[in-house]
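Undergrad: structure, please.
(2 chains)
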2 protein chains.
Amino acid sequence: MLIKEKSAQAKEILKELHIDTWITFVRESQINGDPILPFLAEADLTWHSAFIINRDGSSQAIVGLYDQKTVEDTGVWDNVIGFVEGIGEPFKNYIKQLNPATIALNYSVGSEICDGLTHGMYLTMMELLSEIGLADRVVSAEKIVSALHERKSPSELANLRLAIRHTEEIFDMVARFIKPGMTEREIADFMKTETKRRGLDLAWEPMVCPAVFSGPETAGAHYNPTGKKVERGHILNMDFGVRVNGYCSDMQRTFYILKEDETKAPPDVQKGFDTIVTAIEEARQAMFPGGEGIAIDAVAREAVLKNGYEEFPHALGHQVGRFSHDGTAILGPAWEKYAEKPFRKLEENMVFTLEPRLTVKGRGTATIEEMVLITDKDAQFLSHPQTELIYIL
Amino acid sequence: MLIKEKSAQAKEILKELHIDTWITFVRESQINGDPILPFLAEADLTWHSAFIINRDGSSQAIVGLYDQKTVEDTGVWDNVIGFVEGIGEPFKNYIKQLNPATIALNYSVGSEICDGLTHGMYLTMMELLSEIGLADRVVSAEKIVSALHERKSPSELANLRLAIRHTEEIFDMVARFIKPGMTEREIADFMKTETKRRGLDLAWEPMVCPAVFSGPETAGAHYNPTGKKVERGHILNMDFGVRVNGYCSDMQRTFYILKEDETKAPPDVQKGFDTIVTAIEEARQAMFPGGEGIAIDAVAREAVLKNGYEEFPHALGHQVGRFSHDGTAILGPAWEKYAEKPFRKLEENMVFTLEPRLTVKGRGTATIEEMVLITDKDAQFLSHPQTELIYIL
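TA: Numbers count the residues shown, from 1 in each chain, chains lettered A, B, ... in the order given. Purely as a prediction, here's the structure:
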């Protein structure tokens, strides 16, 4: 189903970009798998394997003999060749005959998700193309691969919505579970157990999914839950996601642990939290197809700065899909590590996170992460946005 | 533990190979992870990350700010820099100061496990090194990465032995479970359930782990179990492995389903099976540190051919470790797809499979896969070798 949707989409994208031929080239994909592979094949590939889709709508797969039948079964390839000794001859024969003006390969300086071709495999491909005089036809497939990841199909959106719903339910459950004195680790274990009970996978590595940070002076992000205890008067924040049918959620929530004499959060905590809520809503309202991520990031960054907080040391948001960090376009500042990503145009059916953060001194980190969908004219929440602190009594 | 063992081993290997500096360079490792990463870091990395080990015993990691603490916690790095905007400046400053004569990067035409650097990241690295005039110092790290994967440490061997023991127990259980009339899929489901019950992962993709082939005219390998039924007078063969603490087994067993009037296999089945047993034993006896895989493959291939069977269309054996296909050296013929792998010398503490196969006409595929360890003088079975057909009544 996914492979049918995506191989059809790929042919349209090749037309749109005026690229003749797109080649995904992998070997031993359990070891070095191109992140595009789930759109092309259902199983891992063992020997050198080439998946070739052309602008004229034709397609060809060339794989090791033992992978031939599994690849044929997907039903999307005009023809599947299974070789025994090596891919060289069948590959060169096919491409020579095809004689494409442009050949796109999966490499990219600026986008990791479009950079599935290893350097050794690049060298092998260039050698094969040189032998038939076509090496100078090679271009980066970055735009093809980006679009395939970014333009979510109906079935992809359905799975993303399902992942978000599970995540919200687990956040609701853990909110009732947390008590002062519990450790970050106990809270994380509860969420992992509930995820497993539902038959789901975590959206990223278990060591930091969920990430749970209690109070001030934590690592802040990407760090494993510790034995640190939940204390009254502190902020607790979490970063969590699940994977449903291959699609991820990625969300954060902020909790406040009331002191025994408090009925609501003190002004410093409330102000920090409200600043985050406002930053997210203002950023969402600034989003539209055709806009640039750098401008959206600036809106949220400014909302945080103008309230007297330090700016967050990361992008406002990223895309989500088969990976919790998906796609190329990002909502971020013009920092070296983001390359051209903040300047890519937003498109309909992209799914982004919005996740500003700030430090409330002596209390902890206020941070929310919502997920939004770009429509034909604006951005709509896929998650139910957090607008009030979750109180722990 | 593993990271401590392997980073120490890396320093020794750099001395042995006379290479000054080895750099592993990754970003968003949940998307494109270098297969060497588990030897260097416990968690996925988000932004551009460089893990640098030097022949003089010094080391340096340069990672995104949020990954700094997790990387520091491994305790093997002299220093860990956490950047915010980009890796360029801290990386160039460090390498310029270091001024290594050779800089090894993880790319390889001939070995997928040594080819973890994507082409986009290669271009980025070369640009950074050009800016400080060191681009001409770059060499392939193939020999470093191969040796790290291939020379199993005591803890790695302990985990491999454990994975083999579980696999043998599950084969024993399924032998009692199989009855004529069952489908390949039912048999596979039983083994998957038992693996899960033991809290283990499958060694490779669930779709084909186990692979179960009943009777003649099957896909033969790498294909998912079907609704085909087990029939009397047929051979059944399976390919299966589990992963224990990150380490894999990879084993095959051959079963014969007795006809109602049979008390033992007919001569054609027995001859095919015995040929495989002999091929494995003769190959094992030919193995020693310093030998070449091509010669070992030839021994088993000849044992099959001289008994009148067609030769098997794959290598006799591969290494096993964190992946079911691990390392570079292979026991295989000089076919294009195997590149230089069959000519690499065997070394102490390598772990190989031995897996010849042949077709018994009208009966099915006879194939056994054992696992052996290269010692200081020979090769010893890690698995309990199958020497008799497993009969299904």
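Undergrad: what helix or strand does A:Ala298 sit in?
TA: Using DSSP states H and E, the element containing A:Ala298 is helix A:293-305.
Undergrad: elements contacting that helix?
TA: Using 3 or more Cβ pairs under 8 Å, 6 or more residues apart in numbering or on different chains; DSSP states H and E, the elements in contact with helix A:293-305 are helix A:267-286, strand A:317-319, strand A:326-331. Heads up, the C-betas are built off the backbone N, CA and C, glycines and all.
Undergrad: list just the one of those that sits closest to chain B.
TA: Taking Cβ to the nearest Cβ, strand A:326-331 is the member of the helices and strands packed on helix A:293-305 nearest to chain B, at 8.4 Å.
Undergrad: tell me the angle of the closest one relative to helix A:267-286?
TA: 110 degrees (axes from the mean of the first three to the mean of the last three Cα atoms, to 10 degrees).
Undergrad: pairing partners for strand A:326-331, with directions?
TA: Here strand A:326-331 is paired, per DSSP bridges, with strand A:317-319 (antiparallel).
Undergrad: quick one on the thing from earlier: chain center to the helix holding A:Ala298: distance?
TA: Helix A:293-305 has its C-alpha centroid displaced from the chain centroid by 21 Å (Cα atoms, centre = their mean, to the nearest Å).
Undergrad: tell me the mean pLDDT over it?
TA: Helix A:293-305 comes out with an average pLDDT of 98.
Undergrad: cool, and stretch A:95-110?
TA: pLDDT averaged over stretch A:95-110 gives 97.
Undergrad: now do the buried residues in it.
TA: A:Ile95, A:Leu98, A:Pro100, A:Thr102, A:Ile103, A:Ala104, A:Leu105, A:Asn106, A:Tyr107, A:Ser108, A:Val109, A:Gly110 (16 or more other Cβ atoms under 10 Å in any protein chain shown).
Undergrad: which residues touch the second one?
TA: Residues in contact with A:Leu98 (Cβ atoms under 8 Å, 6 or more residues apart in numbering or on different chains) are A:Thr21, A:Asn54.
Undergrad: for the last one, same thing?
TA: Taking Cβ under 8 Å, 6+ apart as the criterion, A:Gly110 is in contact with A:Glu142, A:Thr328, A:Ala339, A:Glu340, A:Lys341, B:Gly120.
Undergrad: from those residues, which would you call buried?
TA: A:Glu142, A:Thr328, A:Ala339, A:Lys341, B:Gly120.
Undergrad: test my guess that A:Met287 contacts A:Leu346.
TA: Yes - contact between A:Met287 and A:Leu346 holds when scored by Cβ atoms under 8 Å: they sit 6.3 Å apart.
Undergrad: so between these two, which is more surrounded?
TA: A:Met287 (24 against 21; other Cβ atoms under 10 Å in any protein chain shown).
Undergrad: ok, and the closest non-adjacent residue to that one?
TA: Leaving aside its sequence neighbours, A:Met287 sits nearest to A:Ala379 (Cβ to Cβ, 6 or more residues apart in numbering or on different chains; 3.7 Å).
Undergrad: so which residues on the stretch 51-200 of chain A come close to chain B?
TA: A:64-67, A:69-70, A:83-88, A:105, A:107-124 (Cβ under 8 Å from any Cβ of the partner chain).
Undergrad: okay, and which of the residues you listed map to helices?
TA: A:Lys69, A:Thr70, A:Gly88, A:His119, A:Gly120, A:Met121, A:Tyr122, A:Leu123, A:Thr124 (DSSP state H).
Undergrad: which pair in these spans the largest distance?
TA: Largest separation among these by Cβ to Cβ: A:Lys69 and A:His119, giving 30.8 Å.
Undergrad: who has more neighbours, those two?
TA: A:His119 (25 against 18).
Undergrad: isn't that one right next to B:Leu117, touching?
TA: Yes - contact criterion Cβ under 8 Å: A:His119 and B:Leu117 qualify, at 5.0 Å.
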